[in-house]
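Chemist: Below: sequence and its predicted model.
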Amino acid sequence: MQVEETKEKPVEQTEQQAFGYDSGYQSEILQNSSYQKIRNSLLYLMKQTTTILENMPAAQFPQTDLVLLTADRVNEVINHFDRLQVRISDTHSKVLVTGDLNAGKSTFVNTLLRRQVVPDDQEPCTALFVEVVDKSDNNGIEEVHAIPDPAVYSKDNAETFVKIPVEDLREHVENDESSHPLMKVYVKDNRNKSSLLHNGIVDISLIDSPGLNIDSMKTTSLFSKQEEIDVIVFVVNAENHFTLSGKEFLETATKEKAYVFIVVNRFDSIKRKDRNKRDILEQIRSISQTTFDEADNLVHFVSCRQVFQYYTAGVQPSADNWIPDFERLESCLRSFILEKRTKSKLAPAKVYLGNVLSDLETISNYNIQYHDAESFNLANELGTIGPIYQKMKLLKEKYFVDSEKNIDVLAKEISDFSDKTLLNFIEEFELFMDTVEWNGAIQVWQYAHELRLVVSRLAFIRLRSCHTFAQEKCLDYVRKISSAAKECVPQDIDLDEAPLHEGLELRSQGSLLDLSDHSLFDSADRFEIIKDFIPALGMVSAGVLGYRSLVTGILKSQSHSFSRIAKLAVTGLAITGVGLLIFKLSDMKATVQSKLTTKLKQYFKDSSFVESNSHYISSTSHRLLRTGVNDFQRKFQYSMDEQERKFNLQNAAKSKAEEESRIFSNIYKRAVSIKQELEAISLE
Ligand SMILES: Nc1nc2c(ncn2[C@@H]2O[C@H](COP(=O)(O)OP(=O)(O)OP(=O)(O)O)[C@@H](O)[C@H]2O)c(=O)[nH]1
């Protein structure tokens, strides 16, 4: 009965004390809820940044000034964000309790739990770790999982552990330490509201490690380096101070974790407590200055056994301060866990996020400048291409839209000119008659011959002037196009003038005029011309030539029909009066000229001299122009299409550059704003 009384009292006291120190606890809750807020804010900002990264268009990365976010690491950064989010969303926190052999580590853990969970006072174990977790993690069931391979352990996979009742833990630890290096103990923390394991904010597991000696040192050191170990509690036996192994472990651990929580246990056994405290603190200073500087919160001189006995069996401690000292230790440990947890989990995320955001600022700034410069250059290029393209359009409208019509008009003009020139030429035949010297009747055919040559030459000259006119007109037309094109066509496009030169060049008379003597005057014509003058001619030339030879000489004909006519002429001559004949002879030049004019005009008419030449010149001009212009037009259109394509491409590129600049400008603003929010988050 008495025992029960003594047992209940401390529980009430504990509640009261818990209540008494509730203000601290409340503040912890506040601290915790602010932790939640910070965590949520960080998660939110990380998510925002991940969204930016996932949607960021292909970016130019500067060669320098980037901490994390290089071109080939965008996905890596996104993945790391995922890992950080998982890690900071995890509400578990692990506290590794380690220290020298027999320093009272197990007693310390049991005291925190207010119950005998971890076997104490046993033979030193070699490498067994006991992890104490709240039973809520195991569907509210208290049991021990003996784990052969911690790396593959899952409480949901019965093959990865051996189930042991909590009461049998001691026996198993003593007999079975080597085959199960980790024992996971799911238990209820005997304290309710102020439970350390399950406090509604962070689920803490306490890991009781083997005492440090040369064998266990390596294992424990490795264990302590694990990322999920948020806090290390080092238990020292006040009587022994720090052993060599302890010092060595602490020196390494403080490098990894910066701060270590130190429990100097078995302080009840120390007689000269102040001196012991001083010596131990001095040792701590030599191991870790930072821990020494925070000694008031981080180094606690306690007696776990006395406190444990008080809470579990109501045994009064040997001094009044043991309970408050331990409770202060608990309070500091709780704050330290939460603070360390905040720092160990949130600080890396905050620093990482800050670096990514700084990189994002740098990258977006770089890209804004890059795209602005690009769109500026494109605008300049478009400023050149645009007017050229407009000029090309005008040229096309002026010369090519109605090019058939334009060429028709030009050909008509050439045709009109040729008609007029050649007709005038025929009309003007009479004027040419005196350009050839009349050397008398005897030379009549010579006169006709020379006149033929003159007419032929003059016809050629007129024809050539028609060709020249046509050529000049055509050249003028194509040169106008060429010079207009030169102003706007970027590449040189030839409008080949050579075909116009060759096609419209009249170099020789060729067969244009078939004015040979025979065709100009056939035998009948010749007789017709001279028949009235034969007697007179006979008179004039009697001393030189006989009649027959004279007449035949004039007629110069070998045909039978003609010799018959010649005979008649000679007969006629014999009966004609001499005076009349002489008179007639003086009129011969005019007669010959008139006959020749008529004959020539008739010849030109019959040979369609005007029409055929005019048609030839105009149709040749038309054909050559059309071929040349069409060919040029094709090249021009190609060049214009090129220009248009270039114009459209550059226009599109400019719009894209402007759009990218806008996007990066938004990214920059978002990064700056997220970073400001991030900097406002204090982890202190
Ligand atoms: N005087 C005194 N003895 C204590 C105190 N705490 C623990 N002990 C005793 O120290 C011995 C070792 O305690 P444990 O808790 O087993 O120590 P441990 O560090 O877990 O031991 P190992 O894991 O074997 O290294 C036991 O006999 C405890 O009763 C204390 O505060 N004062």
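Modeler: Yes, it's here.
Chemist: For the stretch 301-450 of the chain, which residues score under the pLDDT cut-off?
Modeler: 441 (pLDDT under 70).
Chemist: mind listing the strands for it?
Modeler: With DSSP state E, counting those that start in this stretch as the criterion, the stretch 301-450 of the chain has no strands.
Chemist: Which residues lie in contact with residue 246 in this structure?
Modeler: 99, 100, 212, 234, 236 (Cβ atoms under 8 Å, 6 or more residues apart in numbering). All C-beta atoms are positioned from the backbone trio N, CA, C, and that covers glycine.
Chemist: Could you tell me which of those belong to helices?
Modeler: Residues of these located in helices (DSSP state H): none.
Chemist: CA atoms only for stretch 51-66, dumped as PDB, please.
Modeler: Provided in PDB are the C-alpha atoms of stretch 51-66 (Å, rounded to 0.1, in the frame of the first residue of the first chain):
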ATOM      1  CA  THR A  51       7.200  25.100 -61.000                       C
ATOM      2  CA  ILE A  52       9.400  27.900 -62.400                       C
ATOM      3  CA  LEU A  53      12.200  25.500 -63.200                       C
ATOM      4  CA  GLU A  54       9.900  23.000 -64.800                       C
ATOM      5  CA  ASN A  55       8.300  25.600 -67.000                       C
ATOM      6  CA  MET A  56      11.400  27.600 -67.700                       C
ATOM      7  CA  PRO A  57      12.000  27.900 -71.500                       C
ATOM      8  CA  ALA A  58      15.400  26.800 -72.800                       C
ATOM      9  CA  ALA A  59      17.800  29.300 -71.300                       C
ATOM     10  CA  GLN A  60      21.300  30.700 -72.000                       C
ATOM     11  CA  PHE A  61      23.500  30.000 -69.000                       C
ATOM     12  CA  PRO A  62      26.200  32.400 -68.100                       C
ATOM     13  CA  GLN A  63      29.600  30.800 -67.700                       C
ATOM     14  CA  THR A  64      30.300  32.200 -64.300                       C
ATOM     15  CA  ASP A  65      28.400  33.400 -61.200                       C
ATOM     16  CA  LEU A  66      26.200  30.300 -60.900                       C
END
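Chemist: mind listing the strands for this structure?
Modeler: Secondary structure of the chain (DSSP state E): strands located at 92-99, 129-134, 143-147, 162-164, 182-187, 203-208, 229-237, 261-265, 299-301.
Chemist: For the first one, list the C-alpha coordinates in PDB.
Modeler: So the one you mean is strand 92-99. Output of strand 92-99 as PDB, limited to C-alpha atoms (Å, rounded to 0.1, in the frame of the first residue of the first chain):
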ATOM      1  CA  HIS A  92      10.600  11.900 -37.500                       C
ATOM      2  CA  SER A  93      13.700  12.900 -35.700                       C
ATOM      3  CA  LYS A  94      16.400  10.600 -34.400                       C
ATOM      4  CA  VAL A  95      18.400  11.200 -31.200                       C
ATOM      5  CA  LEU A  96      21.400   9.100 -30.900                       C
ATOM      6  CA  VAL A  97      22.400   8.400 -27.300                       C
ATOM      7  CA  THR A  98      26.000   7.400 -27.000                       C
ATOM      8  CA  GLY A  99      28.900   7.600 -24.600                       C
END
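Chemist: Count residues in the vicinity of whichever residue of the chain sits closest to the ligand, would you?
Modeler: Nearest residue of the chain to the ligand: residue 211, at 2.6 Å (Cβ to the nearest ligand atom). Residues near residue 211, counting by other Cβ atoms under 10 Å, number 22.
Chemist: isn't it right next to residue 97, touching?
Modeler: No: using Cβ atoms under 8 Å as the test, residue 211 is too far from residue 97 to be in contact (10.8 Å).
Chemist: can you list residues touching both of the two?
Modeler: residue 105.
Chemist: count of residues packed around residue 105?
Modeler: Neighbours of residue 105 using other Cβ under 10 Å come to 29.
Chemist: residues contacting it?
Modeler: Applying Cβ under 8 Å, 6+ apart, the residues near residue 105 are 97, 98, 99, 208, 209, 211, 235.
Chemist: which residues in the stretch 201-350 of the chain form helices?
Modeler: Assigned by DSSP state H, counting those that start in this stretch, the helices in the stretch 201-350 of the chain fall at 214-225, 244-257, 273-287, 289-293, 295-298, 304-313, 322-341, 347-395.
Chemist: Determine the longest helix present in this protein.
Modeler: Max-length helix for the chain by DSSP H is helix 609-680.
Chemist: And the average pLDDT for that helix is what?
Modeler: The pLDDT scores in helix 609-680 average 91.
Chemist: Packing partners of it?
Modeler: Identification of packing neighbours for helix 609-680 by 3 or more Cβ pairs under 8 Å, 6 or more residues apart in numbering; DSSP states H and E yields helix 22-55, helix 347-395, helix 403-427, helix 444-488, helix 498-503.
Chemist: Quick one: distance of that helix to the chain centre.
Modeler: Distance, stretch centre to chain centre, for helix 609-680: 21 Å (Cα atoms, centre = their mean, to the nearest Å).
Chemist: Please apply the same query to stretch 165-175.
Modeler: 66 Å.
Chemist: do stretch 245-265 as well
Modeler: 53 Å.
Chemist: Show me what counts as buried in it.
Modeler: For stretch 245-265, the neighbour count (16 or more other Cβ atoms under 10 Å) marks 245-250, 253-254, 257, 259-265 as buried.
Chemist: okay, the contacts of residue 246 in TSV with neighbour count next?
Modeler: Output for these, formatted as TSV (neighbours: other Cβ atoms under 10 Å):
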residue	neighbour count
99	29
100	23
212	26
234	29
236	26
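Chemist: in terms of contact, does residue 131 touch residue 197 like I think?
Modeler: No: applying Cβ under 8 Å, one finds residue 131 not in contact with residue 197, separated by 10.9 Å.
Chemist: shared neighbours of these two, anything?
Modeler: With Cβ under 8 Å, 6+ apart, residue 131 and residue 197 have common neighbours 205, 206.
Chemist: Share the number of residues neighbouring the nearest residue to residue 358 once chain neighbours are set aside, please.
Modeler: Using Cβ to Cβ, 6 or more residues apart in numbering and skipping the chain neighbours, the partner closest in space to residue 358 is residue 67 (6.5 Å). Applying other Cβ under 10 Å, we find 12 residues neighbouring residue 67.
Chemist: I'd say residue 355 and residue 68 touch.
Modeler: Yes: using Cβ under 8 Å, residue 355 and residue 68 qualify as a contacting pair, with a distance of 5.0 Å.
Chemist: about what we covered before: check pLDDT for the contacts of residue 246 and point me to the minimum.
Modeler: residue 212 (75).
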